[in-house]
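Asks: One predicted model, sequence on top.
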Amino acid sequence: MVDLVNALIVLLNYIFIPALSYGSQLALGALGVSFIYAILRFANFSHGDLMSFGAMMTILFTWVLQSYGISLGFLPTAILALPLAIFATILFCLVTDKFVFRHYRTKKSTPVVLAMISIGVMFVIQAIVRIIIGPDDRQFFDGQKFIMKAKQFKEITGLSEGLAIKSTQVITIFVTIILVSLLFWFLQRTRTGKSMRAFSDNEDLALLSGINPDKVVFITWLIVGALATVAGTLYGLDKSFKPFTYLGLVLPIFASAIVGGIGNPIGAVVGGYVIAFSEIMVTYAYKKFFIYLLPQSLEPSGLVQLLSTDYKFAVSFSILVIVLLIRPSGIFKGRTF
């Protein structure tokens with residue numbers, strides 16, 4: 001019985017809690033992609049680097065606050081800097097839309113053209129981030145690292161396997177629950193949210209109903225900028241901030257949005273967790289787990305790993321291809337390309 005509990009602790013430590021945290025980050029990223037696709041009708045490939053920009057702004061404001069001796073004690077100072085970073089990122093989104101995307105919307109450009117333009121915007125954002133903060137790895141977490149340490153857990157329970165819970169993981173999950181709840185309340189209960197849903201379902205009918213398209217686009221960028229900043233900051237706090245890594249997040253984020261049903265907010269959230277759990281479960285080495293469960297004579301000598309962690313994104317890509325072949329509209333039937 002004790003070995004079974006130890007085996008479950010292993011799964012919690014290395015699969016369930018990390019996947020829940022990573023899935024929350026992907027869910028927030030996928031929500032941003034889904035909003036752009038549902039309202040503005042194009043795939044925004046610059047979203048990963050928009051997350052990088054938002055995280056960079058959080059780091060810059062964190063440094064400013066720290067220089068004045070301002071902190072949140074056991075919580076990261078980045079939380080205090082987040083509202084300022086969200087404002088800066090939203091401003092950047094609105095400026096980008098005004099001088100880039102609006103021109104092509106006015107010309108009634110096809111979604112493919114807009115998607116290509118977003119790739120150009122992606123390279124511009126990459127250049128801005130590298131010029132301002134550089135390409136190096138940045139650690140900006142300054143609070144209490146662990147809520148529960150493995151050694152502390154062992155002393156309390158007497159088990160041989162310790163449970164470690166990082167504060168960034170708890171913050172990520174908690175913030176995601178609050179943001180997603182507020183977002184769904186906004187879409188379902190407010191007049192503006194209902195207008196956005198109507199605009200997404202049928203643009204022509206929405207315009208005939210008197211819905212202001214400029215206001216819908218404005219609110220969309222507000223939401224997307226806020227989501228990108230929070231997702232980028234949470235990812236940077238949980239791992240570390242390195243601009244190049246955010247480019248790599250584009251694949252799992254789009255996979256999350258498409259698997260769940262692109263353009264569908266619920267699908268984006270569910271898709272984020274599907275991709276996160278799939279990536280971590282497929283690339284985790286289960287040797288220790290089976291050592292606790294199996295008799296000594298049957299203990300595995302190898303890692304018992306389906307794929308190396310180097311192929312983590314291959315899992316996202318495989319799931320994406322399978323979904324596009326079998327059910328292009330996704331789990332919750334979003335818009336298809």
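Replies: All right, it came through fine.
Asks: Output stretch 201-214 as CSV, nothing but the C-alphas.
Replies: Extracted in CSV, the C-alpha atoms of stretch 201-214 (Å, rounded to 0.1, in the frame of the first residue of the first chain):
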residue,chain,number,x,y,z
ASP,A,201,-20.9,34.0,-35.5
ASN,A,202,-22.0,36.2,-38.3
GLU,A,203,-20.2,39.4,-39.1
ASP,A,204,-22.7,40.7,-41.6
LEU,A,205,-25.7,40.1,-39.4
ALA,A,206,-23.9,41.7,-36.5
LEU,A,207,-23.2,44.8,-38.5
LEU,A,208,-26.9,45.0,-39.6
SER,A,209,-27.8,44.8,-35.9
GLY,A,210,-25.8,48.0,-35.2
ILE,A,211,-22.8,46.4,-33.5
ASN,A,212,-19.7,48.7,-33.9
PRO,A,213,-16.9,46.6,-35.5
ASP,A,214,-14.2,49.0,-34.4
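Asks: Relative to the whole chain's centre, how far out is that stretch?
Replies: 30 Å (C-alpha atoms, centre = their mean, to the nearest Å).
Asks: likewise stretch 316-325?
Replies: For stretch 316-325, the distance to the chain centre is 19 Å (C-alpha atoms, centre = their mean).
Asks: hmm, who's touching that stretch?
Replies: Applying C-beta atoms under 8 Å, 6 or more residues apart in numbering, the external contacts of stretch 316-325 come out as 251, 252, 254, 255, 258, 259, 274, 275, 278, 279, 330. Every residue, glycine included, has its C-beta placed from N, CA and C.
Asks: again, 10 Å this time
Replies: The contact list for stretch 316-325 (C-beta atoms under 10 Å, 6 or more residues apart in numbering) reads 26, 249, 251-261, 271, 274-276, 278-279, 282, 307, 311, 329-331, 336-337.
Asks: List the buried residues of that stretch.
Replies: 316, 319, 320, 323, 324 (16 or more other C-beta atoms under 10 Å).
Asks: rewinding a little: and the contacts of stretch 316-325, which of them are buried?
Replies: 26, 249, 251-261, 271, 274-276, 278-279, 282, 329-331.
Asks: show me what contacts residue 224?
Replies: Counting by C-beta under 10 Å, 6+ apart, residue 224 touches 31-36, 39-40, 44, 47, 50, 89-90, 93, 97.
Asks: Filter these down to the ones in strands?
Replies: Residues of these located in strands (DSSP state E): none.
Asks: Between those residues, which sits nearest residue 171?
Replies: Nearest to residue 171 among the contacts of residue 224: residue 31, at 17.9 Å, using C-beta to C-beta.
Asks: What residues does the closest one make contact with?
Replies: Applying C-beta under 10 Å, 6+ apart, the residues near residue 31 are 176, 179-180, 183, 223-224, 227-228, 231, 253, 256-257, 260, 265-269, 271-272.
Asks: Report the separation between it and residue 84.
Replies: Using C-beta to C-beta, to the nearest Å, one gets 22 Å for the distance from residue 31 to residue 84.
Asks: And for residue 260?
Replies: Per C-beta to C-beta, residue 260 is found 31 Å from residue 84.
Asks: do the same with residue 1
Replies: Taking C-beta to C-beta, one finds residue 1 at 51 Å from residue 84.
Asks: most neighbours, which of the contacts of residue 224?
Replies: Greatest neighbour count in the contacts of residue 224, by other C-beta atoms under 10 Å, goes to residue 34: 32 neighbours.
Asks: which stretches of the stretch 51-200 of the chain form helices?
Replies: Along the stretch 51-200 of the chain, counting by DSSP state H, counting those that start in this stretch, helices occupy 78-96, 102-106, 111-133, 150-157, 167-189, 191-201.
Asks: Noted, bye for now.
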